[in-house]
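>>> Have a look at this prediction, sequence included:
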Protein chains: 2
Amino acid sequence: MENRTLLLQCAKELFYEKGYDAVGVQEIVEKAGLTKPTLYYYFGSKIGVLRTLLETKFEELRVCVRKALDSEGDIRAHLYHLAEAYCCCFERDREFYMLLMALFYSARENEAYKTVRPYVTEFYEMVVQGFENASRELGNMNGRQRQFAVGFIGTVNHYLLFHCELDPNHEEEISGEQIASLVNQFMYGIFS
Amino acid sequence: MENRTLLLQCAKELFYEKGYDAVGVQEIVEKAGLTKPTLYYYFGSKIGVLRTLLETKFEELRVCVRKALDSEGDIRAHLYHLAEAYCCCFERDREFYMLLMALFYSARENEAYKTVRPYVTEFYEMVVQGFENASRELGNMNGRQRQFAVGFIGTVNHYLLFHCELDPNHEEEISGEQIASLVNQFMYGIFS
DNA sequence: CGTTTATTATACCGTTCGGTATATAAACTG
DNA sequence: CAGTTTATATACCGAACGGTATAATAAACG
């Protein structure tokens, strides 16, 4: 693997394990078996590494979610595809997804949060759009599209976090039934 | 205010704004108008400050949630009281609640996460217990108590995060109707 | 009053922080 | 081949890091 990619991967793993601020540049290059000037040659700064990581990896998530939003079917199918898109990205690179979540919830004045913010906003707006698209089926949502989106993302993210807790070694894939159950609970509540 | 309390408050504000790892001990004592040995006299270490902060402030949340769990009424009333308990703690000290959330989602190998973990687990178990208590009303949940708890916490937390985004200056309180709407959506889904 | 105890500051410790000036080696390019 | 560009390492920078030895101050106590 070329050193640029190697550095990105090592940084991703360390950021995921310890958090952006707790990881030093020295630590990243040591893990990659390189030295600091190489990292600064490719990325210019520590935050540049995170920026590049987000630019590179977020595209996968974007494509997945876009495809889910363009899918055919009723609202239930839409939500299923959306949840499936998350889970797919989560399965494909669990460390990156978890890193994204940790950054999403991190302190607002933190440099890393400011870097990740536009991506999170974009992601969030895509989900809101999903509910907007379903308006003819759901009827008048009374401007509750945002609340639905917030609730849906919150439910799915928490579920993935919980899944990680139970399966720390990433041995078990999330099944279609589990996704369906999640969507069902979100749509019809706890008595369903 | 005595210096011990002053230090805790300054630390809380800085941790909330910038994140635990991004804040230096020097920064905390400067904000309090004191010097480092004072902080080390009271708390022994930087992580000791966070530990003390959690011990002190989490008790409020614990009391609130316990009271909600002991309340009378059906499952709906229970969930309402539970959500109300969160919101109450959130309103009382938004910075602490947001700090708690940020730590909850932070990297697993991070020292700050390890410190907060038992508190989050305790909190989480309390909510699971809430659903267990409702089992006679909800019927056989097929072991879905945990899934419900995960979903409920996720929904409420995301809602609070979202509320913070819209009202960064903490001018608007969360109304009972908003809480009811949230609980309703969780219980009966999006068609309710 | 003298002595102890609690609290705070001055000044410092070694280490690590993010970042860089400079050199070098290899790979292209004319 | 000479010259340029790409990619890497050695060795260093000042600043900030978490933490502490020591001393001064102030209050409490006998």
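On my side now, so go ahead.
>>> In which helix or strand does the spatially closest residue to A:L54 that is not a sequence neighbour reside?
Counting by CB to CB, 6 or more residues apart in numbering or on different chains, A:L54 lies nearest to A:Y119, which is 5.7 Å off, once chain neighbours are set aside. C-beta here means a position set from N, CA and C on the backbone, and glycine is covered the same way. Secondary structure assignment for A:Y119, by DSSP states H and E: helix A:111-133.
>>> pLDDT on the helix or strand just after that helix, on average?
Per DSSP H and E, helix A:111-133 leads on to helix A:135-138 as the next helix or strand towards the C-terminus. Averaged over helix A:135-138, pLDDT sits at 74.
>>> same deal with stretch A:23-42?
Rounded mean pLDDT across stretch A:23-42 is 98.
>>> That one near chain B anywhere?
No: Stretch A:23-42 is not in contact with chain B by CB under 8 Å from any CB of the partner chain; minimum separation 9.0 Å.
>>> ok, and for that stretch, which residues are buried?
Counting neighbours by 16 or more other CB atoms under 10 Å in any protein chain shown, one finds that the buried residues in stretch A:23-42 are A:V23, A:I28, A:V29, A:K31, A:A32, A:L34, A:L39, A:Y42.
>>> Go through the residues you listed and name the one nearest A:C164.
Top of the list for closeness to A:C164, among the buried residues of stretch A:23-42 and by CB to CB, is A:V23 at 19.7 Å.
>>> re the thing from before, wondering if the helix holding A:Y119 reaches DNA strand D at all.
No: Helix A:111-133 does not reach DNA strand D (CB under 7 Å from any atom of the strand); its nearest approach is 13.3 Å.
>>> Which single residue in chain A comes nearest to DNA strand C?
A:G24 (2.5 Å; CB to the nearest atom of the strand).
>>> residues touching that residue, list them.
By CB atoms under 8 Å, 6 or more residues apart in numbering or on different chains, A:G24 lies in contact with nothing.
>>> A:M141 now?
A:F131, A:S135, A:F148 are the contacts of A:M141 under CB under 8 Å, 6+ apart.
>>> Same check on A:K46?
A:V25.
>>> The lowest-mean-pLDDT helix or strand in chain A: which residues count as buried?
Lowest on mean pLDDT, DSSP states H and E among the helices and strands of chain A sits helix A:135-138, with a mean of 74. Within helix A:135-138, the residues scored as buried using 16+ other CB under 10 Å are A:L138.
>>> Check which element follows it along the chain.
Helix A:135-138 is succeeded, C-terminally, by helix A:145-166 (DSSP H and E).
>>> Could you dump the contacts of A:M141 into a markdown table and include distance to A:V183?
Below are the contacts of A:M141 laid out as a markdown table (distance: CB to CB, whole Å):
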| residue | distance to A:V183 |
| --- | --- |
| A:F131 | 13 |
| A:S135 | 18 |
| A:F148 | 12 |
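>>> Relative to B:Y159, which of the residues you listed is nearest.
Looking across the contacts of A:M141 and measuring by CB to CB, the closest to B:Y159 is A:F148, at 11.2 Å.
>>> Contacts only, for the closest one.
A:F131, A:M141, B:Q185, B:I190.
>>> what two of those have the greatest distance between them?
Applying CB to CB across the contacts of A:F148, the maximum distance is between A:F131 and B:Q185, 12.5 Å.
>>> Good, wrapping up.
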